[in-house]
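Trainee: make a model of this:
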Amino acid sequence: MAQTTAPALAPSDPSQRTNALPSSSSISPLQVTSPSTIPPSLSSFVLAGPELTQWKRRHATVIAATSAATVGVIAGYPFDLVKTRLQTIRYPSFDACIREIYTHEGFFGFFRGIGPILITVSFLRSISFSVYNTAKTNVVDAIKSNSSLSIQWQSPSTGLIIAFMVSGASAGSVVASLNAPFEFIKVQPSIAPKAAEATAAAAARAASSPAATNVQTKPPHPSSVPRSPAVEPTPRRLTAFQWARKIVQMKGFLGLYSGYKYHLLRDMSGTAMYFFGYESLKLIMTPVGGTPGLHVYMLAGGISGTCSWIVLYPFDLVKSVMQREALQTVPKYSSAIEFIRRRFRSSGIRGFYHGIGAQLTRSFPVHSLNFLVYEEVLAWCKRA
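Mentor: Okay, the predicted model is just below:
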């Protein structure tokens, strides 16, 4: 009878182990490479087992916020572009704006300039949630130790409301300071094609005016023709980097912060309302001692996002208009106050909500998806 040889056991001493890899022919296509078979040159870059779990837990907020931002930007960017067009250019209707974009720029026209926004929003969203969570912990601890206000996590108590609002405003101020240049650049590609048409139409009207159509027996010398005060014509397809360079050339580096004070006001108040609404609704809709479900995340996120935009939309309108005016050689409005007065005189309160349909269409599903992805990825990162 043939003697059966027992399989050799792997040596317990790591120094006695071999680094030789099995041949490719002996590995099944579905076989997963274990950490012990990873080449030494790659082993330092691969996280597995406890190391991966520890890394996920340490960076849970950043991973969850980045994931939520990526999904939210892709889903909501077309609506955001339409909203900006409707704010800065007068269209007969919401549908007319959509038809014109699709007719002249095609399907991908709805995603014009999304690349830099996708990167910056993902980065800024991770900062926003990180600042908010850190500030909330510090504010709650300060209220517990230095105030008679109560902190009850079963319901939105006075202490918690203050913590939510202050932490949200802190996150909004940090993000606004970092995001202002990118937001200003983002506005330009979305309005550039229509603004160029408006400039050309204004030049045509000036050329056909009675003063310009006087009979002249001899054409004027080119050097005697006055230059138009309009903005220098801009190519239709400038990239975000080209827009940034153009803005710096026209107005200097600080020109990238045109409209910053309106941006700061919008983001501080908006982020405070946003997190306060979400956290409060989540506490109200979750039974005492229970765990929030998927529907709680979606409803709380959608309602808080929609309500905050209804309140903040006039601020966003003023910001968009003043940022559009910043690059005009001869601005239509000398200040935000002048714009507000003229808009109220001509259209009343409704004039400050022009284009809100696109924002509300976008707001509920995008913010529902945002918090659903955030909470689920956060739970996955903290799971053992």
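
Trainee: pLDDT below threshold where in the stretch 101-250 of the chain?
Mentor: Along the stretch 101-250 of the chain, segments meeting pLDDT under 70 span 147-155, 189-237.

Trainee: can you give me the helices for it?
Mentor: Using DSSP state H, counting those that start in this stretch, the helices found in the stretch 101-250 of the chain span residues 114-146, 158-207, 240-251.

Trainee: quick one: closest of those to Ser304.
Mentor: Proximity to Ser304 (CB to CB) singles out helix 158-207 among the helices of the stretch 101-250 of the chain, at 10.4 Å. All C-beta atoms are positioned from the backbone trio N, CA, C, and that covers glycine.

Trainee: any chance of a markdown table for the helices of the stretch 101-250 of the chain, columns mean neighbour count and distance to Trp380?
Mentor: Conversion of those to a markdown table gives the following (neighbours: other CB atoms under 10 Å; distance: least, CB to CB, whole Å):
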| stretch | mean neighbour count | distance to Trp380 |
| --- | --- | --- |
| helix 114-146 | 17 | 15 |
| helix 158-207 | 19 | 23 |
| helix 240-251 | 16 | 32 |
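
Trainee: ok, which of those helices comes nearest Ala379?
Mentor: Taking CB to CB, helix 114-146 is the member of those nearest to Ala379, at 14.3 Å.

Trainee: how far off centre is that closest one?
Mentor: 14 Å (CA atoms, centre = their mean, to the nearest Å).

Trainee: which strands and helices sit next to that helix?
Mentor: Applying 3 or more CB pairs under 8 Å, 6 or more residues apart in numbering; DSSP states H and E, we find helix 114-146 packed against helix 60-88, helix 158-207, helix 260-285.

Trainee: repeat the analysis, applying 7 Å as the threshold.
Mentor: If you count contacts as 3 or more CB pairs under 7 Å, 6 or more residues apart in numbering; DSSP states H and E, helix 114-146 packs onto helix 60-88, helix 158-207.

Trainee: between those helices, which gets nearest to Arg324?
Mentor: Among the helices and strands packed on helix 114-146, the nearest to Arg324 by CB to CB is helix 60-88 (4.8 Å).

Trainee: orientation of that closest one relative to helix 114-146 in degrees?
Mentor: In terms of direction (axes from the mean of the first three to the mean of the last three CA atoms, to 10 degrees), helix 60-88 departs from helix 114-146 by 120 degrees.

Trainee: give me the buried positions along helix 60-88.
Mentor: Buried residues in helix 60-88, counted by 16 or more other CB atoms under 10 Å: 60-73, 76-88.

Trainee: between the helices of the stretch 101-250 of the chain, which one is nearest to Tyr257?
Mentor: Using CB to CB, the helices of the stretch 101-250 of the chain put helix 158-207 closest to Tyr257, at 5.2 Å.

Trainee: ok so, going back, now for the helices and strands packed on helix 114-146, which one comes closest to Val377?
Mentor: For the helices and strands packed on helix 114-146, proximity to Val377 was assessed by CB to CB; helix 60-88 is nearest, at 4.0 Å.

Trainee: on that earlier part again, which one of the helices of the stretch 101-250 of the chain lies closest to Gly106?
Mentor: Using CB to CB as the measure, helix 158-207 is the one of the helices of the stretch 101-250 of the chain that comes nearest Gly106, at 12.3 Å.

Trainee: for burial, what's the neighbour tally of Met268?
Mentor: Using other CB atoms under 10 Å, Met268 has 19 other residues around it.

Trainee: pLDDT score assigned to it?
Mentor: On pLDDT, Met268 comes in at 94.

Trainee: can you check the one 3 residues further on too?
Mentor: Note for Thr271: predicted pLDDT of 94.

Trainee: nearest residue to it other than its sequence neighbours?
Mentor: Leaving out its chain neighbours, the residue that sits closest to Thr271 by CB to CB, 6 or more residues apart in numbering is Gly172, at 3.1 Å.

Trainee: what distance do you get for the one you found to Gln54?
Mentor: Separation of Gly172 from Gln54 (CB to CB, to the nearest Å): 31 Å.

Trainee: Ser347 too?
Mentor: Ser347 is 57 Å from Gln54, by CB to CB.

Trainee: how about Lys261?
Mentor: Using CB to CB, one gets 43 Å for the distance from Lys261 to Gln54.

Trainee: neighbour count for these two, which is higher?
Mentor: Of the pair Lys261 and Gln54, Lys261 is the one with more neighbours under other CB under 10 Å, namely 14 against 11.

Trainee: before we move on, the earlier item: next, format the helices and strands packed on helix 114-146 as a markdown table and append distance to Glu105.
Mentor: A markdown table is the format used below for the helices and strands packed on helix 114-146 (distance: least, CB to CB, whole Å):
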| stretch | distance to Glu105 |
| --- | --- |
| helix 60-88 | 10 |
| helix 158-207 | 7 |
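
Trainee: how about Ser334, phi and psi?
Mentor: Main-chain dihedrals, Ser334, degrees, to the nearest 10: phi -80, psi -20.

Trainee: typo on my end, it should be Thr291
Mentor: Taking degrees, to the nearest 10 as the convention, Thr291 sits at phi -110, psi 130.

Trainee: much appreciated, bye for now.
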